[in-house]
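Engineer: Okay, here's the prediction I keep looking at, along with the sequence it came from:
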Amino acid sequence: MQGLNIPLNHVLLLASLLFSIGMLGLMIRRNIIFILMSLEVMLNAAALAFIAAGAHWGQADGQIMFMLILTVAAAEVAVGLGLVLQLQRRFKSLDMDKVNRMRG
Amino acid sequence: MMRELVWLIPLTPLLSSVLLMLGSGRLPRRLIALIGVTSVGIAALLSLALLLDFLGSPEPFKVLLWNWLQVGSFNAQIAFHIDGLTLVMMSIITGVGFLIHLFSSEFMQQDDSYARYFGYLNLFVAAMLVLVLADNLLLLYLGWEGVGVCSYLLVGFWYQDSGNGRAARKAFIVTRIGDTAMALGLLLLFSEFGSLHIATINGLAAQQWQGGGAIPLLACCLLLAGAAGKSAQLPLHTWLPDAMAGPTPVSALIHAATMVTAGVYLIARLHPLFLSVPTAMVIIALIGLSTSLLAAFSALCQQDIKRILAYSTISQIGYMFLALGVGAWSASIFHLMTHAFFKALLFLAAGAIIHCLHHEHNIFKMGGLRSRLPIVFWSFLFGSAALAALPLTSGFFSKDAILLQAYLVPGLGPWLWLAALLGALLTALYSFRLVFVVFFGEAHTQPDKQPGLRMSLPLAILCLLAFFGGWLTIPVSDVFPPQSSQHPALWVEVISITVPLLGLLLAYLLYAGKQINRQQLQQAQWAQSLKGFWRRGWGFDQLYTWLFVRPYHGLAKLLKNEPLDRCYHGIVAIFQNANLALAASQNGRLRSYLAVMVFGLVMLLALSLGAQR
């Protein structure tokens, strides 16, 4: 193993930091575009954790999971952007709090 | 020939009753009276023919009409059993019943519901005949309930007054308590003997229940409760004075001559059963004795003429129960018969007074009626003499027999005799108090009419019966075990004869001659309160109100609000409120959902971390 030897803990710390930022964004932001972006951040944080863990133990599983997450993120964005378009058309707004018709 | 036609006797009044009830409002009054009176008259003639036939060859027989129920080994038949006891009862019911019907046809002349009245009265006669003719206890119970219903209908006959309805309900409910006990007794007898046939039960009881035991005693007590309810004995006697709300001839027929003696008949009919349980016999005697004394004291203090007679009926039936309890079966039935004569006479005479005196009931507002209503006066005099058991009247023979038989009971006898003597003294006192207050002294109210022929004739016939009825012999020697021919000492008989005369003398001194000042006697505070206490019937009504009626009303009020349903309603309310609260959390805001999810996640993580440590 050549090059930079970053300790696993640091990477995991970064991943959890990213995850928390994404989650916070998810809860705080109202704009659906930002919510989708926060979701991306969270997914990538999870992916980072997988990569780091895979590198640490020298296993390919981490990279396979990363590929999977990437695919899921792409699909999610596709569906999410479709929803964004629909929302914009129907409500003339991207504010999530205005889209609360499904309440009990 | 006559014996096959027994079924006609109860059927005639029944048919006439159905006819009158269906034709109510469409039949002319004359026809109503004709149908109502004649049907019972036919029954009376048939009973008389049957009685004569029976006296010719005194052999009990059974008439099977049809099978009523057949379930497994249980078999109830519509079958009549005719022996001396049945015939005595039948003759009383149809004979006295006919006279009372005749009296009613004039007494109720002005009433709007003439047909309904005769319909009920005929139905009663039919039910009562079924009761005494029944061959098994189930059929007897049918008649038993039938007379109860008729009593209810007739006590509440003038239902426009809610007080009458209340009296009718009271009569029905109180007797129902006894009837329920009796139904339980019948079930117990059936489970023990596997049959409700009276002769079978009597035979088996005499064999198997000799000497008593818990179950026989229980069965006897349950039947006794039924008899006490129907016959207005302690502690179920409170309904009879209130039952006087009905028309007076009804009181004469149902609440003096026939229905109230059904309990006496029941016990006499099942005498082998009761004989095998000596404890039950003692209970019967004590109930009868205490009832007769309590009611006699109450009768002494009443002001309403009908209530006096009602309490006196309770008291006289108490004598019959005493006679049953000491095993003087035929004396008891004999007293039943003479009592039916003189008490029906007294009630009818009271009815005539009430009829002719603008519906006045208070005896202290009457007075001096001797010369104004002579027929009624003589009837009342004969009736009271018989009730007080003055020598040579019918009541004398029967009551004397009971007193002497009571004296002969080993052990308890003389005490029973003494107490019964006190009762006899009181009886003479209150019956002649009635005579002196109502017929002597100065007049307070003037009669506005005289009794007509249809009222006078029954009174005259009943006068004869009340006076000479004591010379009749009743053909019950085959039914009951033979009496001991033992006689008590002469002085016992002499005292028994003189005591009623003493009562008469006392009544004269108190109410007619006024040698003893009543006002002085009543001045003391305790005398006043004692008088009020006796007038209210020893406070039994109050006691029962406190013990049963109030708690029952409270319970009913409680249950009216559905306390059990409230529990379920509470559960439903909890879930509904929870639903509302939780539904509020579903506000459609994605961000708040998310916040809750994150909160939950953090909690879970914290918990798992805590668990690891």
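Structural biologist: Nice, thanks for sending it over.

Engineer: was I right about B:Val132 contacting B:Ile92?
Structural biologist: No - if you go by C-beta atoms under 8 Å, B:Val132 and B:Ile92 don't touch, sitting 9.1 Å apart. All C-beta spots, glycine's among them, are computed from the backbone N, C-alpha and C.

Engineer: higher neighbour count, these two?
Structural biologist: B:Val132 (26 against 23; other C-beta atoms under 10 Å in any protein chain shown).

Engineer: shaky segments in the chain?
Structural biologist: Because you didn't say which chain, this covers chain A. Along chain A, segments meeting pLDDT under 70 span A:1-4, A:102-104.

Engineer: think we crossed wires, I meant chain B
Structural biologist: When residues are selected by pLDDT under 70, those of chain B lie in B:1, B:211-212, B:484-485.

Engineer: Name the residues of the longest helix anywhere in it that are buried.
Structural biologist: In chain B, with assignment by DSSP state H, the single longest helix is helix B:162-193. Neighbour counts using 16 or more other C-beta atoms under 10 Å in any protein chain shown place B:164-165, B:167-172, B:174-179, B:181-182, B:184-186, B:188-189, B:192-193 of helix B:162-193 among the buried residues.

Engineer: wait, isn't B:Gly325 in contact with B:Val277?
Structural biologist: No - counting by C-beta under 8 Å, B:Val277 is not a contact partner of B:Gly325; they are 11.6 Å apart.

Engineer: Looking at those two, which is more packed in?
Structural biologist: B:Gly325 (26 against 23).

Engineer: got the contact list for that one?
Structural biologist: Counting by C-beta atoms under 8 Å, 6 or more residues apart in numbering or on different chains, B:Gly325 makes contact with B:281-289.

Engineer: Quick check on it: phi, psi?
Structural biologist: phi -70, psi -30 (degrees, to the nearest 10).

Engineer: List the contacts of the residue nearest to it when sequence neighbours are not counted.
Structural biologist: Once flanking residues are discounted, B:Gly325 sits nearest to B:Ala285: 2.6 Å by C-beta to C-beta, 6 or more residues apart in numbering or on different chains. B:Ala285 makes contact with B:321-322, B:324-326, B:406, B:409, B:412, B:416, according to C-beta under 8 Å, 6+ apart.

Engineer: Which ones among the residues you listed lie within helices?
Structural biologist: With helices defined by DSSP H, the entries of these inside them are B:321-322, B:324-325, B:406, B:416.

Engineer: Pull the most distant pair out of these.
Structural biologist: Maximum pairwise distance in the ones in helices among the contacts of B:Ala285, criterion C-beta to C-beta, is 12.5 Å, between B:Leu324 and B:Leu416.

Engineer: B:Phe341 in helix, strand or coil?
Structural biologist: When classified by DSSP: H, G, I helix; E, B strand; the rest coil, B:Phe341 comes out as helix.

Engineer: quick one: it and B:Gly383, what's the gap?
Structural biologist: Using C-beta to C-beta, to the nearest Å, one gets 9 Å for the distance from B:Phe341 to B:Gly383.

Engineer: What of A:Val79?
Structural biologist: In terms of C-beta to C-beta, A:Val79 sits 109 Å off from B:Gly383.

Engineer: what about the two, which has more around it?
Structural biologist: Between A:Val79 and B:Gly383, counted using other C-beta under 10 Å, the more crowded position is B:Gly383 (31 against 11).

Engineer: didn't the more buried one look like it was pressed against B:Thr338?
Structural biologist: No - counting by C-beta under 8 Å, B:Gly383 does not reach B:Thr338; the two are 11.0 Å apart.

Engineer: Touching both of those two, which residues are there?
Structural biologist: With C-beta under 8 Å, 6+ apart, B:Gly383 and B:Thr338 have common neighbours B:Ala466.

Engineer: Can you list the buried residues in stretch B:463-481?
Structural biologist: Per 16+ other C-beta under 10 Å, stretch B:463-481 contains these buried residues: B:463, B:465-467, B:469-470, B:474-476, B:479-480.

Engineer: Which of the residues you listed fall within helices?
Structural biologist: Counting by DSSP H, the members of the buried residues of stretch B:463-481 that fall within helices are B:463, B:465-467.

Engineer: Let me know the closest of the residues you listed to B:Gly423.
Structural biologist: Set against B:Gly423, the nearest of these by C-beta to C-beta is B:Ala466 (19.6 Å).

Engineer: what sits against the closest one?
Structural biologist: Neighbour list for B:Ala466: B:338, B:341-342, B:345, B:382-383, B:386, B:393-395 [criterion: C-beta under 8 Å, 6+ apart].

Engineer: all strands of chain A, in order?
Structural biologist: Here chain A has no strands by DSSP state E.

Engineer: just checking, B:Phe467 touches B:Ala386?
Structural biologist: Yes - in this structure, B:Phe467 is within contact of B:Ala386 by C-beta under 8 Å, at 6.9 Å.

Engineer: Show me the common contact partners of those two, please.
Structural biologist: Shared contacts of B:Phe467 and B:Ala386 (C-beta under 8 Å, 6+ apart): B:393-394.

Engineer: Tell me how far B:Ile353 lies from chain A.
Structural biologist: Remark: distance between B:Ile353 and chain A (C-beta to the nearest C-beta, to the nearest Å) = 82 Å.

Engineer: give me the number of residues near that residue?
Structural biologist: 26.

Engineer: mind listing what the nearest residue in space to it that is not next to it in sequence touches?
Structural biologist: Of all residues not flanking B:Ile353 in the chain, B:Val376 sits nearest, at 5.8 Å (C-beta to C-beta, 6+ apart). Applying C-beta under 8 Å, 6+ apart, we find B:Val376 in contact with B:349, B:352-353, B:356, B:369, B:451, B:459.

Engineer: the longest strand in chain B is where?
Structural biologist: Secondary structure of chain B per DSSP E: the longest strand is strand B:61-71.

Engineer: Alpha carbons of it, as CSV, please.
Structural biologist: This file holds the C-alpha atoms of strand B:61-71, laid out as CSV (Å, rounded to 0.1, in the frame of the first residue of the first chain):
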residue,chain,number,x,y,z
PHE,B,61,-112.4,-40.4,40.3
LYS,B,62,-110.3,-38.9,37.6
VAL,B,63,-111.4,-37.4,34.3
LEU,B,64,-108.7,-37.3,31.6
LEU,B,65,-109.4,-34.7,28.9
TRP,B,66,-106.2,-34.8,26.9
ASN,B,67,-102.5,-35.0,27.2
TRP,B,68,-101.0,-31.6,27.6
LEU,B,69,-97.3,-32.2,27.4
GLN,B,70,-95.3,-35.3,26.8
VAL,B,71,-91.6,-34.9,27.1
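
Engineer: Can you give the contact residues for it?
Structural biologist: Taking C-beta under 8 Å, 6+ apart as the rule, strand B:61-71 contacts B:3-4, B:6-7, B:75-82, B:135, B:138-139.

Engineer: 10 Å instead, please
Structural biologist: Residues from elsewhere that reach strand B:61-71, judged by C-beta atoms under 10 Å, 6 or more residues apart in numbering or on different chains: B:3-7, B:54, B:75-83, B:133, B:135-136, B:138-139, B:142, B:199.

Engineer: Which of the residues you listed are buried? Put it as a PyMOL command.
Structural biologist: Buried subset of the contacts of strand B:61-71, written as a PyMOL selection, criterion 16+ other C-beta under 10 Å:
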select buried, chain B and resi 6+54+76+77+78+79+80+81+82+83+133+135+136+138+139+142
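
Engineer: The residue in the stretch 401-550 of chain B that chain A sits nearest to: neighbour count?
Structural biologist: Closest contact between the stretch 401-550 of chain B and chain A, by C-beta to the nearest C-beta, is at B:Arg550 (51.5 Å). If you count neighbours by other C-beta under 10 Å, B:Arg550 ends up with 11.

Engineer: ok so it is a helix residue?
Structural biologist: Yes - counting by three-state DSSP, B:Arg550 is part of a helix.

Engineer: Near chain B, which residues of chain A are found?
Structural biologist: Taking C-beta under 10 Å from any C-beta of the partner chain, the part of chain A that reaches chain B is made up of A:20, A:23-24, A:26-30, A:32, A:35, A:96-104.
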